[in-house]
Each structure stands twice: as structure tokens, then as C-alpha cells.
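J.: have a look; sequence and predicted model below, questions after that.
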Amino acid sequence: MEQRINYMKTNREVVKLMMGLEEYKKTTEIDSTLIELIKIRASQINGCAYCLDMHTKDARAMGETEQRIYCLSAWRETPFYSDSERAALELTEAVTAISANGVPDELYERVRLHFDEKQYIDLVTIIITINGWNRLAISAQNIPGHYKPVMEK
């Protein structure tokens, strides 16, 4: 496999816009570990190896356990995730595959048990952002395996 195009160099304006969304997530009240779980789950659904490589490494660097990372695709069958994480993961699946069933009212209500209105929109924005990155990386055929986590101070 060979990378088709380096969008980071080819179109810096698009990358700047996407990075703005990445920066926004830091201003939210959404836990950074949950954000990484959301990114991993969406990337699993989308089949984005590049983003899976990146976000599993980031999650481990943040202290996430191997067990929770490995079982993320089967989160419903495990006791490893809190109720709020489960709601966010279910929302991640619904928004990532939105053309299948939309976001049902019952799911919205489950999410709202744990997150206020602003946090709900923040979650959706985080999910939209990783889906955008997945689509860029897959379309460009980014090659996984070279990413090194850079922990923020």
C-alpha cells in the first residue's frame, strides 16, 4: 500500500479547519479519555487503520487500559465501561452510521441522562470530527504505524 496524497501538505486550509475542531474539543467538559474511546470506536466502524493506530496509542499514553481498548468493539458485552461512556459509545455508533437509523429519541434521552444539551452537541461534534478525519485518511490511504503520541502539558 502506498499513500495516495499527503493532505497535510497539499491542502493546509482544510487541515487548519479540521484542527480548529480538534482544538475545540479541548474547551469542552468531555473527558479526554472518553474522547479517545469515541475516536477509536468511530475508526473501528469506518475501518480507518491510520486513526486506529493513532488513537489507540494516544489512549494508552493517557493511561487507558489495554483491556478497555481491546474490548471496545464489543462494549455492550463487557462490564468495563461506565453508563455515561456506554451512552456516548452508542451515540458514536448512531452518528457514524447515521444513514441507517438516524439518532433515535430513546438514544437521545439515554445520552441526556449523563450529558447536558451543550455536552450533547459537543459529543456530536467530536464524533463528526473523527468521522471527517477517518474519511480524509482513508481517501488519502494514510499508512498506519509511524504515529508517536505527543502528550500535552
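T.: Everything's here; your move.
J.: contacting residues around residue 38?
T.: 88-89, 92, 123, 126-127, 130 (Cβ atoms under 8 Å, 6 or more residues apart in numbering). C-betas here are computed from N, CA, C, even on glycine.
J.: mind running it again at 10 Å?
T.: 25, 30, 55, 72, 85, 88-89, 91-92, 95-96, 123, 126-127, 129-130 (Cβ atoms under 10 Å, 6 or more residues apart in numbering).
J.: host element of it?
T.: helix 32-46 (DSSP states H and E).
J.: quick one: contacts for the residue nearest to the spatial centre of the chain?
T.: When Cα atoms, centre = their mean is applied to the chain, the residue found nearest the centroid is residue 39 (1.6 Å). By Cβ under 10 Å, 6+ apart, the residues touching residue 39 are 25, 48, 51-52, 54-56, 58-59, 92, 126-127, 129-131, 133-134.
J.: before we move on, the earlier item: lowest pLDDT pick from the contacts of residue 38?
T.: Among the contacts of residue 38, residue 25 carries the weakest pLDDT, at 94.
J.: what's the local residue count around that one?
T.: Using other Cβ atoms under 10 Å, residue 25 is surrounded by 18 other residues.
J.: setting the sequence-adjacent residues aside, check what's closest to residue 133.
T.: In this structure, residue 133 finds its nearest non-sequential neighbour in residue 51, 5.9 Å apart by Cβ to Cβ, 6 or more residues apart in numbering.
J.: that neighbour sits in which helix or strand?
T.: helix 49-61.
J.: which SSE is immediately downstream of that helix?
T.: As assigned by DSSP H and E, the chain's next helix or strand after helix 49-61 is helix 66-70.
J.: averaged pLDDT, that following helix. What do you get?
T.: 97.
J.: same thing with stretch 146-153?
T.: pLDDT averaged over stretch 146-153 gives 75.
J.: no more questions from me, cheers.
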